[in-house]
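Asker: Below are the sequence and a predicted model for it; my questions follow.
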Amino acid sequence: MVPRSSRSPTMSLNDAHAFAFSLATTLMAAIVIFQAGDGTLSVTPASEYDGDASEIIHEIDPFAP
């Protein structure tokens with residue numbers, strides 16, 4: 001048997017957008033999609049993001065028209 005990898009699979013850009021949109025509409029908060037230092041994509045509320053602004057790929061604001 002091969003042990004299960006402890007690393008989670010990477011998120012595609014389409015998955016990241018879908019996840020971010022779902023979070024934004026559920027939490028009613030601005031969400032950012034950013035690229036981490038290892039190249040993976042991640043999603044977090046904009047108020048909690050403290051990384052480099054140049055790493056932000058997209059921001060989803062549920063209050064934007």
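Answerer: Structure received.

Asker: Quick one: the helices in this structure, in order.
Answerer: Along the chain, the stretches classed as helices by DSSP state H are 13-27.

Asker: In it, what residue spans correspond to strands?
Answerer: Shown for the chain, the strands assigned by DSSP state E span residues 31-35, 41-45, 56-60.

Asker: Which of the ones you listed has the highest mean neighbour count?
Answerer: Among the strands of the chain, the stretch with the highest mean neighbour count (mean count of other CB atoms under 10 Å) is strand 31-35, at a mean of 22. In short, each C-beta sits where N, CA and C put it, glycine included.

Asker: Work out which residue lies at the spatial centre of this protein.
Answerer: With distances taken as CA atoms, centre = their mean, the chain has residue 43 as the residue nearest its mean C-alpha position (1.5 Å).

Asker: Just tell me which of the strands of the chain ends up closest to residue 11.
Answerer: Closest to residue 11 of the strands of the chain, according to CB to CB: strand 41-45, at 4.8 Å.

Asker: which other residues reach the closest one?
Answerer: Residues outside strand 41-45 that contact it (CB atoms under 8 Å, 6 or more residues apart in numbering): 10-13, 16, 19-20, 23, 27, 29-36, 57.

Asker: Next: stretch 22-34.
Answerer: Applying CB under 8 Å, 6+ apart, the external contacts of stretch 22-34 come out as 13, 16-17, 20-21, 41-47, 49, 51, 55-63.

Asker: Now it: average pLDDT?
Answerer: Taken as a whole, stretch 22-34 has a mean pLDDT of 96.

Asker: For it, list the C-alpha coordinates in PDB.
Answerer: C-alpha atoms of stretch 22-34 as PDB (Å, rounded to 0.1, in the frame of the first residue of the first chain):
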ATOM      1  CA  SER A  22     -19.700  30.900  -3.400                       C
ATOM      2  CA  LEU A  23     -17.900  32.200  -0.300                       C
ATOM      3  CA  ALA A  24     -18.600  35.800  -1.300                       C
ATOM      4  CA  THR A  25     -22.300  35.200  -1.700                       C
ATOM      5  CA  THR A  26     -22.500  33.100   1.500                       C
ATOM      6  CA  LEU A  27     -20.500  35.300   3.700                       C
ATOM      7  CA  MET A  28     -21.500  38.600   2.000                       C
ATOM      8  CA  ALA A  29     -17.900  39.700   2.100                       C
ATOM      9  CA  ALA A  30     -15.200  40.600  -0.400                       C
ATOM     10  CA  ILE A  31     -13.100  37.600  -1.300                       C
ATOM     11  CA  VAL A  32      -9.600  37.500  -3.000                       C
ATOM     12  CA  ILE A  33      -8.100  34.800  -5.100                       C
ATOM     13  CA  PHE A  34      -4.300  34.900  -4.700                       C
END
